[in-house]
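**Student:** pasting the structure only:
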C-alpha cells in the first residue's frame, strides 16, 4: 500500500477550489476573543485581557456551538479557532470539546503562554489536526521586547513542550518584525530541534478596527522583505502564495482568495465577515441565520469593485500581495494601491528579472 | 467487518473526505478522500458486512462487473484496514 503523503497542500488547494466554485462555506474561522494576554506592538487585533467591554460582547459557548452546527449544515468542514488568545476564555473546552466530536478538521492558533500540562493533556484527548504557536523571538530579551510581557518567553516554551509531551500535532510560526528579524534563523533552528514544522511571515498589516498600533515601526523595509524571501525559500508564506503567480493566468478579480467564496470569519460578537482583516459585511449570524449571513458575505465579495486601472496595468502585479483587505487597512478603500506593497512587488519583479532568485530555488 | 465510529465522512466540493475524531487525529492525521463507490461502501460499513454483502450492494447500485467489483472492494477494504479505519 502506498505511504501517506507528507504534504496535503495540492489536495487541499484542489478541494477548496472546487468548494469555492460551488460557494460552499467549507473554511470557517471562529474568532473567540480579541483579548490577549500579550501586548505585541504590531498586532492587528489585540485588546487587553481584562477589557470588560470586549468580554461582554463575546458569544457564549452555547452560541458558538449553535453557529458551528448551522455552519456544518451548510458545508463547513475546516474550522480555525483563533483570537486574541483563545485560552483566555475560561469556557474554552466547553466550546472545543463538542466541536471535536462534530466531524470538523480543527486548527487552533495560540501564543502558547497559557498552555499548562493539564491543558495539554486535556487537549490531547481530542487534539486539533493542527495547533500553531507563534514564536516572537529565540531569546527572552527579544521575545519579550516584542510581546511586552515579562516571563512570556518561558511560558511559551513551556506550552510548546507540554504539547509535544502529549503528542498534540503542532507547528511553529513567527511574525517577523524589526525587533526579532535577527533571530529568524535561530527560531528556525529551535523548531527544528523540537522536531516541529516552521514558517515565517513578515507582511504586517494595520489594525482592523482602525486604532493605532506600532505596526509601521515594526514593519521591515520592503527591500529587507525581499532579502528575507531569498533566504527563507519554502517557509515564506507570502512568497509561496503570491510571488510565483503566473502573470498569463492572473485574473482581474479584486478578491482572488477564498474569502466569501469558500471561507468566512465570525468575530467574537457573532458577526460574519469574509476575512479577519475586514469588518464587513458584519452579518449577525444568530439573528439572520447562517445561510443569509453567508449570502451577505458572498454579495460583499461579488459586488466589490475591480482593482484600479493602475493596479491592473502594473507590470509587477503578479508579484504583488495587495488584496482588498490590504487596501482598506492602508488606504480606506477596497482598491487603492498600497505604496508599501508596490515597493515590494517592484523589488520582487526586479529580482526575478535579474535571475538572482530563480524558481529553481523555490522548487528545491 | 465494520468501520470505526470515530471517522466522519464530509463533503468538500463534491468530494468525500474522512475526518478523524478524538484521539484518532493523532493516529490518523491525514486527509482521506473517497470516490463515489468507496464512499458508498463506507456508508454500508456502518454495520457489520461481509465482502459478499458489499459486492452485492455495489453491483446493485453501480453498473459494474461483479468479479471486478469484488477485486476492487477487497483492495479498498485492505487499504482502510491498514489505515486502521476498521474495527
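**Tutor:** Now that the structure is in, tell me what you want to look at. Here the structure is a predicted model, which means the values were calculated and not measured. Residues are numbered from 1 along each chain as shown, chains lettered A, B, ... in the order given.

**Student:** what ranges does the chain have for its strands?
**Tutor:** Using chain A. A:27-31, A:35-36, A:47-48, A:78-82, A:105-110, A:130-134, A:170-175, A:198-201, A:263-266, A:271-273, A:283-284 (DSSP state E).

**Student:** ah, no, chain B please
**Tutor:** B:7-12, B:15-20, B:32-34.

**Student:** nearest to residue A:322, of those strands?
**Tutor:** Nearest of the strands of chain B to residue A:322, taken as CB to CB: strand B:7-12 at 28.8 Å. No exception for glycine: its C-beta is placed from N, CA and C like everyone else's.

**Student:** on that earlier part again, closest to chain B out of the strands of chain A?
**Tutor:** strand A:105-110 (5.6 Å; CB to the nearest CB).

**Student:** quick one, the closest one and strand A:78-82 angle?
**Tutor:** 10 degrees (axes from the mean of the first three to the mean of the last three CA atoms, to 10 degrees).

**Student:** for the chain, what are the low-confidence residue spans?
**Tutor:** Picking chain A for this. Within chain A, the segments meeting pLDDT under 70 span A:1-7, A:232-251, A:353-364.

**Student:** you answered for a different chain; I wanted chain B.
**Tutor:** The model of chain B has pLDDT under 70 over residues B:29.

**Student:** chain A contacts on that one?
**Tutor:** Within chain B, the residues that sit near chain A (CB under 8 Å from any CB of the partner chain) are B:8, B:10-15, B:17, B:19-23, B:25-26, B:29-31, B:33, B:78-79, B:82-83.

**Student:** repeat that for 10 Å
**Tutor:** Residues of chain B found near chain A (CB under 10 Å from any CB of the partner chain) are B:6-15, B:17-33, B:75, B:78-83.

**Student:** turn the buried ones among those into a named ChimeraX selection, would you?
**Tutor:** The following ChimeraX line selects those of the residues of chain B next to chain A that are buried, judged by 16 or more other CB atoms under 10 Å in any protein chain shown:
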select /B:6,7,9,10,12,13,15,17,18,19,20,21,24,25,26,28,29,31,32,80,83
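
**Student:** ok so, going back, reformat the strands of chain A as TSV; add distance to chain B and mean neighbour count.
**Tutor:** Shown next, in TSV, are those (distance: least, CB to the nearest CB, whole Å; neighbours: other CB atoms under 10 Å in any protein chain shown):
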stretch	distance to chain B	mean neighbour count
strand A:27-31	10	23
strand A:35-36	26	23
strand A:47-48	31	16
strand A:78-82	8	21
strand A:105-110	6	22
strand A:130-134	8	21
strand A:170-175	11	21
strand A:198-201	18	19
strand A:263-266	13	24
strand A:271-273	20	25
strand A:283-284	23	20
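
**Student:** ok, the residue of the stretch 1-150 of chain A found nearest chain B - contacts?
**Tutor:** Closest to chain B within the stretch 1-150 of chain A is residue A:18: 2.8 Å, counting by CB to the nearest CB. Residues near residue A:18 by CB atoms under 10 Å, 6 or more residues apart in numbering or on different chains: A:24, A:26, A:262, B:12, B:13, B:14, B:15.
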